[in-house]
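In: Model the following, please.
(one chain, ligands or ions: 2)
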Amino acid sequence: MTSLPAADLAMSAEVADALADRRPVVALESTLLAHGLPQQHNLRVAARIEDTVRAAGAVPATVAVLDGQALVGLAAPQLERVCTEDLAKLSLRDLGPALARGGCGATTVASTAVLAEAAGIGVFATGGVGGVHHPLPGTPVSWDVSADLGVLASTPVLLVCSGMKSILDIAATLEVLESRSVPVLGYRTDDFPAFYLRSSGLPVPHRVDEPAQVARVVAAHGRFSDSGVLLANPVPAEFELDRELHDRLLAEGLRLLAGGGVRGGDVTPAMLEHFHAASGGASLAANEALVLANAELGARVAVELAR
Ligand code: PSU
Ligand code: MN
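Out: Ligands and ions are numbered 1, 2, ... in the order given. Below is the predicted model:
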């Protein structure tokens, strides 16, 4: 891969200084802000995520594309643009076209991971990772497999997330991660989490209990592989969605999506919107709490890796 010319990738001075001094940095994605949270809340949550990373001893590097530049580390006015403008959702395949045309967009796990790695950042925190969708009615398999998985298989970053939403086929997603040799770690859990729920009912292959242990796994894995590592951190117990409410919203959401013909990259944002609108604020509280917990855990691991 050709690395981006300097003009296409702009690091904030704070992030560049931290990396030059080998201080801990945590990359953060912008799709969760632009497309995963309601507009009235995203800027407040974005600031809390960055504050949380700082409080845990690392420098936050939120990633987005503005005016044809991939930005790693956003100044306050840039973060505000990401949270208020009507931005495209840019996966890795959309990055080249957006940069070449001077466009703007929010970056997904896939594009954020690649840009973080290009900048020299090894830890990345988010809410949920993309995965394998369930097949549409009448079709045997789904070809809607998030590019997040392929990028994790080929990009040496640690992704801290709360698993993925149960709208996805979690078992199939874990199989793909296994085929692609991406280690999956459960943080203080034996169960792989399902975003709003602490357990998907599926076991996690490896349990870790301390940030230092995660750092040792990342270092050991990195000696033999260029893939990423997925660290699954369940939503804090007090913010977990009630399972019955969750199951009802999921079933409703799936019917709405099917009825509305929603496809591809629009599925996750539409589903999140339904949950936020129909859960009386509970899904938003869960979403916020889990992202903050992942930002803190990512920072603590970054601190260990920088030792
Ligand atoms: N899961 C969430 N919230 C999100 C996303 C996933 O709970 O905002 C976003 C992430 O940016 C992820 C992307 O990388 O959706 C995956 O999209 P797709 O399935 O279209 O690859
Ligand atoms: Mn998809």
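In: all contacts plus neighbour counts: C-alpha atoms, from now on.
Out: Noted.
In: so who does Leu158 touch?
Out: Residues in contact with Leu158 (Cα atoms under 8 Å, 6 or more residues apart in numbering) are 122-124, 218, 228-231.
In: again with Gly105
Out: Here Gly105 is in contact with 64-66, 82, 87-90, 98 (Cα under 8 Å, 6+ apart).
In: Now for the residues you listed: which two are most distant?
Out: Across those, the longest distance by Cα to Cα is 14.8 Å; it joins Val82 and Ala98.
In: just to revisit the earlier point, near ligand 2, which of the contacts of Gly105 show up?
Out: Counting by Cα under 5 Å from the ion, nothing from the contacts of Gly105 sits close to ligand 2.
In: List just the nearest of those residues to Asn42.
Out: Val82 (9.3 Å).
In: Which residue, neighbours along the chain excluded, lies closest to that closest one?
Out: Nearest residue to Val82, sequence neighbours excluded (Cα to Cα, 6 or more residues apart in numbering): Ala34, at 6.3 Å.
In: Name the single longest strand found in this structure.
Out: Longest strand in the chain, counting residues (DSSP state E): strand 59-66.
In: pLDDT (mean, whole number) over the helix or strand just after that one?
Out: Using DSSP states H and E, the next helix or strand after strand 59-66 towards the C-terminus is strand 69-72. Averaging pLDDT along strand 69-72 yields 98.
In: Run through the neighbouring helices and strands of strand 69-72.
Out: Packing contacts for strand 69-72, counted by 3 or more Cα pairs under 8 Å, 6 or more residues apart in numbering; DSSP states H and E, involve strand 9-11, strand 59-66, helix 109-119.
In: ok, the second one near ligand 1 or not?
Out: In this case it means strand 59-66. No: Strand 59-66 is not in contact with ligand 1 by Cα under 6 Å from any ligand atom; minimum separation 11.1 Å.
In: quick one: strands adjacent to that strand?
Out: Here strand 59-66 has these sheet partners by DSSP bridges: strand 25-28 (parallel), strand 69-72 (antiparallel), strand 105-107 (antiparallel).
In: Comparing the helices and strands packed on strand 69-72, which comes out most buried?
Out: strand 59-66 (a mean of 26; mean count of other Cα atoms under 10 Å).
In: Tell me how far that strand lies from the chain's centre.
Out: 13 Å (Cα atoms, centre = their mean, to the nearest Å).
In: Stretch 18-38 and ligand 1, any residue contact?
Out: Yes: Stretch 18-38 comes into contact with ligand 1 (Cα under 6 Å from any ligand atom), by way of 31-32, 35-36.
In: Test my guess that the residue nearest to Val82 contacts Ala106.
Out: Yes: using Cα atoms under 8 Å, Ala34 makes contact with Ala106 at a distance of 6.5 Å.
In: what is in contact with those two at once?
Out: Counting by Cα under 8 Å, 6+ apart, the shared contacts of Ala34 and Ala106 are 82, 87.
In: so can I have TSV of the helices and strands packed on strand 69-72 showing mean pLDDT?
Out: Below are these laid out as TSV (pLDDT from 0 to 100):
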stretch	mean pLDDT
strand 9-11	95
strand 59-66	98
helix 109-119	98
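In: And the helices in the stretch 1-150 of the chain, which stretches?
Out: 13-20, 31-34, 39-55, 76-84, 92-100, 109-119, 147-154 (DSSP state H, counting those that start in this stretch).
In: ok, and the closest non-adjacent residue to the residue nearest the centre of the chain?
Out: Taking Cα atoms, centre = their mean, the centroid of the chain lies closest to Thr126, which sits 3.4 Å from it. Nearest residue to Thr126, sequence neighbours excluded (Cα to Cα, 6+ apart): Cys161, at 5.2 Å.
In: hang on, that neighbour packs against Val123?
Out: No: distance between Cys161 and Val123: 11.2 Å, which falls outside the contact criterion (Cα under 8 Å).
In: Where does pLDDT dip in this structure?
Out: 1-6 (pLDDT under 70).
In: for it, which helix is longest?
Out: Counting by DSSP state H, the longest helix found in the chain is helix 282-306.
In: ok, and for that one, which residues are buried?
Out: The neighbour-count check on helix 282-306 (16 or more other Cα atoms under 10 Å) flags 282-305 as buried.
In: residues making contact with it?
Out: 22-26, 37, 45, 48-50, 52-54, 56-58, 122-127, 160-162, 195-196, 211-212, 214-215, 233-236, 239-241, 275-276.
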